[in-house]
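Peer 1: fold the stuff below for me.
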Amino acid sequence: MSERVFMGKKINFGIGFIAGRPNVCNIINRYYKFLIEQVKDLDVTIDFTIFILFDLNYLHTTRMDFYSVLPEVYKNIKIKYITPEEIDEEKKKLISIYDLSKEDADLLIGHGYAKARNTILLYAMKRKIDYLLFWDDDEYPLAVCQENKELTWIKQKNVLTHINNIKSADITYGYRCGMMSPVPYVQYDDNIKEEDYKAFIDALENEVISWEKMQKLLKENRSISYANKEIATGEVKPEVMKSIGVNDYVLGSGICLNLNHINKIPAFYNPPGARGEDTFFSCALGEKNAKVLRVPTYHFHDSFMKYTNLMKDNFPKVLRRISIDDNGIEQRFLKTTIGWIKYKPLFYYIIDRDNYRRIINDAKKNLAKSVDKMSTAFETCDFSCLTRELEDYDKKVKKHYDEYVRTNEIWDKLKIKLKEQK
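Peer 2: Residues are numbered from 1 along each chain as shown. Below you'll find the model as predicted:
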């Protein structure tokens, strides 16, 4: 793919990490030279700023766990930590300077999947960032392809690919390979049969997971997605996404926002304790008539942190499937299913309100059939909590919908003021 030539100005490029794992420091230390190398031949200066918003509750970490970025990184790239104290101070500014109520400030920014993205977005706007790339703390700029059972690893010029395309779009986003879903491989036995697992997956079904998708994984005896070599080598053209928020959903990681087109960029939202921040962003994006390009670059998703040696260029010849016997997998899976079930009501309330009641009632029936079996198969987990969470979030779906709408109303007014200052 030919490199785009830019003339006459510096580009302020931001990278946003919402970090629950100290692995974020390893990613920055390992790849900062690669970031600089990717853009060295462009006819424009790229000024990098990395934003790190850490969550100490995710893995019960300490601040010092996130402060191991090497001194040499600071000499080449701006590093901006967004601490809990700074978030509190930013809320006070939103209230005093921008006339937000405390409730609105708390709704827009803070910790949690969506609020953290909004916080980084706000900081990026104030720092006059042109383009902002979100990057997860369990992803590496690598693609893995499989041909005749042999693996090929290809480094991905992720930043360069976004820069080459973002100027003519509002949003660009790439592809994922690796561990595509934190759903472990399940071996059927007397404790859990196929119909039990199907009922459970049917209850969780959303735009990410379905029994059909799971069947494909089970049939191929894997939980891994391999990269398309033509995409990984940049041989295909960017794809214009036509129906964002209807059939297509952008990824929260690997998404690059053109902040020069901020009027096209909605806010992120998820119900409390839920996932779905990229899904609801996509739903709001569908109303903006934004130009969204899917660009040919991959991130390798290491959702269970089994392949951190990839950052040292230690490329395995085989990728092992994740099973329920692996250490820590059960609890990770439980947390994921809770996040999914909490956003299911709002998701279907937005995209299919006419059939909402039937969909949620079917989910409740499927949970009733399957949670006891799942709890037996996953010895450290009690999946009965999913039934309670679905009941609760079903009752609160209108409240969560109002919050989703209100978050975007707040952001639409605020970003006009921020743009005027920019």
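Peer 1: centroid residue for the protein?
Peer 2: residue 252 (3.1 Å; C-alpha atoms, centre = their mean).
Peer 1: what sits closest to residue 200 if chain neighbours are left out?
Peer 2: Counting by C-beta to C-beta, 6 or more residues apart in numbering, residue 200 lies nearest to residue 370, which is 3.9 Å off, once chain neighbours are set aside. For every residue, glycine as well, the C-beta is placed using N, CA and C.
Peer 1: can I assume the one you found is in contact with residue 197?
Peer 2: Yes - Residue 370 lies in contact with residue 197 (C-beta atoms under 8 Å); the separation is 7.4 Å.
Peer 1: of those two, who's got more company?
Peer 2: Applying other C-beta atoms under 10 Å to residue 370 and residue 197 shows that residue 370 carries more neighbours, namely 23 against 19.
Peer 1: what residues are up against that one?
Peer 2: The contact partners of residue 370, by C-beta atoms under 8 Å, 6 or more residues apart in numbering, come to 196-197, 199-200, 203, 383.
Peer 1: SS state for it?
Peer 2: helix (DSSP: H, G, I helix; E, B strand; the rest coil).
Peer 1: and which of the contacts of residue 370 is nearest residue 66?
Peer 2: residue 383 (31.8 Å; C-beta to C-beta).
Peer 1: these two touch, right, that closest one and residue 377?
Peer 2: No - using C-beta under 8 Å, residue 383 is not in contact with residue 377; the gap is 9.4 Å.
Peer 1: just to revisit the earlier point, ok, for the residue nearest to the centre of the chain, nearest residue in space, not its chain neighbours?
Peer 2: residue 278 (3.6 Å).
Peer 1: now do the SS call for that neighbour.
Peer 2: The local conformation at residue 278, judged by three-state DSSP, is helix.
Peer 1: mind putting the contacts of residue 370 into CSV with distance to residue 268?
Peer 2: Shown next, in CSV, are the contacts of residue 370 (distance: C-beta to C-beta, whole Å):
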residue, distance to residue 268
196, 35
197, 32
199, 32
200, 28
203, 26
383, 28
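Peer 1: what is the nearest of those to residue 346?
Peer 2: Closest to residue 346, out of all of these and judged by C-beta to C-beta, is residue 203, at 16.0 Å.
Peer 1: re the thing from before, residue contacts, the residue nearest to the centre of the chain?
Peer 2: Residues in contact with residue 252 (C-beta under 8 Å, 6+ apart) are 113, 117, 134, 136, 268, 277-278, 281.
Peer 1: narrow the residues you listed to those in strands?
Peer 2: If you go by DSSP state E, those have residue 134 in strands.
Peer 1: got TSV for the contacts of residue 252, with pLDDT and distance to residue 47 too?
Peer 2: Below are these laid out as TSV (pLDDT from 0 to 100; distance: C-beta to C-beta, whole Å):
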residue	pLDDT	distance to residue 47
113	93	28
117	97	22
134	97	18
136	95	23
268	97	25
277	95	27
278	94	27
281	96	26
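Peer 1: residue farthest from the centroid of this protein?
Peer 2: Going by C-alpha atoms, centre = their mean, the residue of the chain most distant from its centre is residue 190, 36.1 Å out.
Peer 1: so that residue, which state does it fall into?
Peer 2: Classification of residue 190 using three-state DSSP returns coil.
Peer 1: which residues touch it?
Peer 2: No contacts exist for residue 190 under C-beta under 8 Å, 6+ apart.
Peer 1: which stretches of the stretch 151-300 of the chain form helices?
Peer 2: For the stretch 151-300 of the chain, applying DSSP state H, counting those that start in this stretch gives helices covering 158-166, 194-204, 211-219, 229-232, 277-285.
Peer 1: contacts for the longest one, please.
Peer 2: Contacts to helix 194-204, defined as C-beta under 8 Å, 6+ apart, come from residues 186, 188, 209-211, 214, 337, 340-341, 344, 362-364, 366-367, 369-371, 373-374, 383, 386, 390.
Peer 1: what residues sit buried inside it?
Peer 2: Across helix 194-204, burial judged by 16 or more other C-beta atoms under 10 Å covers 196-204.
Peer 1: so which of the residues you listed is the closest to residue 172?
Peer 2: Out of the buried residues of helix 194-204, the member with the shortest distance to residue 172 (by C-beta to C-beta) is residue 204, at 29.5 Å.
Peer 1: any idea how far the closest one is from residue 340?
Peer 2: As judged by C-beta to C-beta, to the nearest Å, residue 204 and residue 340 stand 5 Å apart.
Peer 1: then residue 271?
Peer 2: For residue 271, the distance to residue 340 equals 11 Å [C-beta to C-beta].
Peer 1: looking at the two now, which is surrounded by more residues?
Peer 2: Between residue 271 and residue 340, counted using other C-beta under 10 Å, the more crowded position is residue 271 (26 against 21).
Peer 1: gap between the more buried one and residue 187?
Peer 2: Applying C-beta to C-beta to residue 271 and residue 187 gives a distance of 33 Å.
Peer 1: likewise residue 410?
Peer 2: From residue 410 across to residue 187, the span is 48 Å (C-beta to C-beta).
Peer 1: please say which of these two ends up with more neighbours.
Peer 2: In this view residue 410 and residue 187 are compared by other C-beta under 10 Å, and residue 410 has more residues nearby, 22 against 10.
Peer 1: just the element for the more buried one, please.
Peer 2: For residue 410, the element it lies in under DSSP states H and E is helix 397-421.
Peer 1: ok, now residue 356?
Peer 2: Counting by DSSP H and E, the element that carries residue 356 is helix 356-377.
Peer 1: now that helix against helix 397-421, angle please.
Peer 2: 100 degrees (axes from the mean of the first three to the mean of the last three C-alpha atoms, to 10 degrees).
Peer 1: and helix 356-377, how far out from the chain's middle?
Peer 2: Helix 356-377 has its C-alpha centroid displaced from the chain centroid by 26 Å (C-alpha atoms, centre = their mean, to the nearest Å).
Peer 1: again, but for stretch 337-347
Peer 2: The chain centroid and the centroid of stretch 337-347 are separated by 15 Å under C-alpha atoms, centre = their mean.
Peer 1: contacts for that stretch, please.
Peer 2: So stretch 337-347 is contacted by 203-209, 270-276, 279-280, 356, 360, 363, 383, 385-386, 389-390, 393-394, 396-397, 400-401, 404 (C-beta under 8 Å, 6+ apart).
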